[in-house]
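Novice: Provided below are the primary sequence and the corresponding predicted coordinates.
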Amino acid sequence: MTPKNDHTESVRAARQLRHIRPVYAGGAALWAASAAWTGWEDPGSRQMWVSVFFLAIFTALLSVTSLWLWRQQSAGAGRPVHHAAPRRMAARRQVSA
């Protein structure tokens, strides 16, 4: 049986990766536009290759993040879901006068 700490850490990591994935997608889109623009204006320039380099980095980050989240989701599909116990109304106690 795995410790509960591992589960909570993986849940937290998955949540953080879900939040950062749009940032990686935006970075990839930005650097793709930059690479296309500088490739059109000055093909083969240093600025174009730097843009292509950053495009590759952001694309790799997005790919690894998406793959990790997909594996986490498919690995957790077979496990039963444990929710917190339902909260009950606390019994009202009358204060003696």
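Specialist: Here it is on my side, so go on. Computed from a predicted model, the values in this text were never measured in an experiment. Numbering: from 1, shown residues only.

Novice: which secondary structure element contains the residue nearest to residue 21 when sequence neighbours are not counted?
Specialist: Distance criterion Cβ to Cβ, 6 or more residues apart in numbering; nearest residue to residue 21, sequence neighbours excluded, is residue 65 at 5.3 Å. Using the backbone N, CA and C atoms, a C-beta is placed for each residue, glycine as well. Following DSSP states H and E, the helix or strand that holds residue 65 is helix 46-75.

Novice: how far does that helix sit from the chain's center?
Specialist: Between the mean C-alpha point of helix 46-75 and the mean C-alpha point of its chain there is a distance of 12 Å (Cα atoms, centre = their mean, to the nearest Å).

Novice: need the contact list for the residue most central in space within the chain.
Specialist: By Cα atoms, centre = their mean, the chain has its centre lying nearest to residue 17, at 1.8 Å. Under the criterion of Cβ atoms under 8 Å, 6 or more residues apart in numbering, the contact list for residue 17 reads 65, 68-69.

Novice: Okay, buried residues for the host helix or strand of residue 10 please.
Specialist: Following DSSP H and E, one finds residue 10 within helix 4-41. Within helix 4-41, the residues that qualify as buried by neighbour count (16 or more other Cβ atoms under 10 Å) are 17, 24-25, 27-28, 31-32, 34-35, 38-39.

Novice: Same list (those residues) but as TSV, adding pLDDT and distance to residue 9.
Specialist: Conversion of the buried residues of helix 4-41 to TSV gives the following (pLDDT from 0 to 100; distance: Cβ to Cβ, whole Å):
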residue	pLDDT	distance to residue 9
17	89	12
24	95	21
25	96	25
27	96	26
28	96	27
31	96	31
32	97	33
34	96	36
35	96	36
38	95	41
39	95	42
